[in-house]
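Student: here is my input, please return the structure:
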Amino acid sequence: MPLTLVNILLISFGICFLIQLIFLLFVNSGFAFRKKRSIVKSIGLPSISVIICAKNEEKFLENNLRYILEQDYPAFEVIVVNDCSNDGTQEILEEMQKKHPNLRSLIINEGNKFKHGKKLALTIGIKNAQYEYLVFTDADCRPAGKGWLKDLISAFDTDTEIVLGYGAYARKGGLVNSLIRMDTFQIGLQYMSLALAGMPYMGVGRNLAYKKSLFIKQKGFAPYSHIASGDDDLFINKAASRLNTRIAACPDCITISEPKGSFKEWVNQKRRHVSTAKYYKGSTLFILGTITFSQYFFWLSFVALLFTPWWNIAVALFSVRLLLQTLIYGKAMRKLGESDLLLYSPVIEGLLLFGFYPGVAISNILFKEPKWKT
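Tutor: Numbering: from 1, shown residues only. Next up, the predicted model:
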């Protein structure tokens, strides 16, 4: 390899190292070492509406809904939108309503002329909600503790309109589960860290809260109703700001979902999620693009530099980055209940970067986006 090309590679590696260092030290560390925020302008514990969309979710509702209905919270309703289910979903809801008067169910029947996605079900749930403060989760989720609603709503103050929570996946055996959970952790750390740094850009519908008045002010999902996905991340990308968004990160604030049972199911899920990223604001795309490019080129140039006279510098900088990442990830993983991933995180990160993510991108180019539910 010519010396000038080696020097260019080394300089590029150094620039990517600095970008990664800045992001770790000034963004991710803000979340990892964050102390619990004291609420100066508390809103108390207002009445809230929890909204869940369910399409053929008999099994999950039977297992998970009671954890939501039994929350330690003074006044709340739970609205389950039964979206064209043809299993025992409605029977489960009607049976639970006998014990829980705060549980309401709304039914959507399949239309003959058009097919709809999750946004319609959510919109119906929101419009029928009695209260200003809305909390969203999925039928396959359960709260980590009885204080989920209380801790989530406690993150609001008088200026807050959005609270972002973390949606974890249940710990199972096997490589696919580790990949799913590592991917979820990295995304969660990224959007919560950037929100703390004043740059909120997304949230997840598994664990999210915002005001009904904000939904109305933003014209609901109308600006991107033509896009199949995006009921959570695109709405937050449009509506969130440095002043109106907070995060909730504590042991009880987490929701736990059942992970996909096969690699193919997970790929389809990721394809739906990734397909919305191109609709993010330009500033968001620039930040995420810079982070992603620096991450890829850092790894690639590190491997290339191992075969040059500068291999020792490459190893030193790689080790510094790895040490800092391990320290910050370790603190963040303890907050989010993902500590068992720490030891293998560099290997899993490499598999995601150079195996899974390119595969998802190619699949989205070659094939049509999978539907939410069929």
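Student: which residues in the stretch 101-250 of the chain form strands?
Tutor: 103-108, 133-138, 141-143, 162-164, 167-169, 208-211, 245-247 (DSSP state E, counting those that start in this stretch).
Student: chain center to the fifth one, what's the gap?
Tutor: For strand 167-169, the distance between its averaged C-alpha position and the chain's averaged C-alpha position is 8 Å (Cα atoms, centre = their mean, to the nearest Å).
Student: helices or strands next to it in the packing?
Tutor: helix 175-196, strand 255-257 (3 or more Cβ pairs under 8 Å, 6 or more residues apart in numbering; DSSP states H and E). In short, each C-beta sits where N, CA and C put it, glycine included.
Student: name the strands paired with it and say parallel or antiparallel.
Tutor: The strands beside strand 167-169 in its sheet (DSSP bridges) come out as strand 255-257 (parallel).
Student: quick one: low-confidence residue ranges for this protein.
Tutor: For the chain, the stretches flagged by pLDDT under 70 are 1-3, 36-42, 111-115, 364-374.
Student: at 80 what do you get?
Tutor: The model of the chain has pLDDT under 80 over residues 1-3, 36-43, 110-116, 228-229, 260-275, 356, 359-374.
Student: show me how it divides into domains.
Tutor: Annotated domains of the chain cover 3-32+283-366, 48-185+195-261 [automatic domain parsing].
Student: among those, which is nearest Lys270?
Tutor: domain 3-32+283-366 (5.0 Å; Cβ to Cβ).
Student: next, the angle from the helix or strand hosting Tyr357 to helix 175-196.
Tutor: In the assignment (DSSP states H and E), Tyr357 maps to helix 357-366. Here helix 357-366 runs at 90 degrees with respect to helix 175-196, directions being taken by axes from the mean of the first three to the mean of the last three Cα atoms, to 10 degrees.
Student: put the alpha carbons of helix 357-366 into CSV.
Tutor: Extracted as CSV, the C-alpha positions of helix 357-366 are listed here (Å, rounded to 0.1, in the frame of the first residue of the first chain):
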residue,chain,number,x,y,z
TYR,A,357,-27.8,-4.1,9.0
PRO,A,358,-26.5,-4.4,5.4
GLY,A,359,-28.8,-7.4,5.0
VAL,A,360,-31.8,-5.3,6.1
ALA,A,361,-30.9,-2.4,3.8
ILE,A,362,-30.6,-4.7,0.8
SER,A,363,-33.9,-6.4,1.7
ASN,A,364,-35.7,-3.1,1.8
ILE,A,365,-34.3,-2.3,-1.7
LEU,A,366,-35.3,-5.6,-3.2
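Student: show me how far that helix is from its chain's centre.
Tutor: Offset of helix 357-366 from its chain centre (Cα atoms, centre = their mean): 20 Å.
Student: what's the answer for stretch 153-163, then?
Tutor: 18 Å.
Student: and that stretch, how far apart are its ends?
Tutor: 8 Å (Cα to Cα, to the nearest Å).
Student: list the buried residues in it.
Tutor: Using 16 or more other Cβ atoms under 10 Å as the test for burial, stretch 153-163 gives Ile153, Ser154, Ala155, Phe156, Thr160, Glu161, Ile162, Val163.
Student: which one of the residues you listed is nearest to Asp252?
Tutor: Ser154 (10.4 Å).
Student: tell me which stretches of the stretch 1-150 of the chain form helices.
Tutor: 3-23, 29-32, 58-69, 89-97, 118-127, 148-154 (DSSP state H, counting those that start in this stretch).
Student: what's the first one packed up against?
Tutor: If contacts are counted by 3+ Cβ pairs under 8 Å, 6+ apart, helix 3-23 sits against helix 282-305, helix 311-336.
Student: and the angle from the last one to helix 175-196?
Tutor: Going back to what we said before, that points to helix 311-336. Using the same axes, to 10 degrees: helix 311-336 against helix 175-196 is 80 degrees.
Student: the helices of the stretch 1-150 of the chain into TSV, with extra columns for distance to Phe297?
Tutor: Output for the helices of the stretch 1-150 of the chain, formatted as TSV (distance: least, Cβ to Cβ, whole Å):
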stretch	distance to Phe297
helix 3-23	5
helix 29-32	22
helix 58-69	41
helix 89-97	48
helix 118-127	36
helix 148-154	38
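Student: now for the helices and strands packed on helix 3-23, which one comes closest to Glu58?
Tutor: helix 311-336 (29.6 Å).
Student: pull the residues that contact the helix or strand that comes right after that closest one.
Tutor: Where DSSP H and E defines the elements, the next helix or strand beyond helix 311-336 is helix 345-351. If you take Cβ atoms under 8 Å, 6 or more residues apart in numbering as the criterion, helix 345-351 is touched by Ser178, Leu179, Met182, Gln186, Trp299, Leu322, Gln325, Thr326, Tyr329, Leu341.
Student: again, but for stretch 313-328
Tutor: Looking at what lies outside stretch 313-328 - Cβ under 8 Å, 6+ apart - the contacts are 10, 13-14, 17, 20-21, 24-25, 28-29, 32, 298, 301-302, 305-306, 308, 342, 345-346.
Student: now do stretch 92-100
Tutor: With Cβ under 8 Å, 6+ apart, stretch 92-100 has contacts from Glu58, Leu61, Glu62, Leu65, Arg66, Leu69, Val78, Val80, Asn82, Leu103, Arg104, Ser105.
Student: out of the helices and strands packed on helix 3-23, which gets nearest to Met199?
Tutor: Going by Cβ to Cβ, the one of those nearest Met199 is helix 282-305, 6.6 Å.
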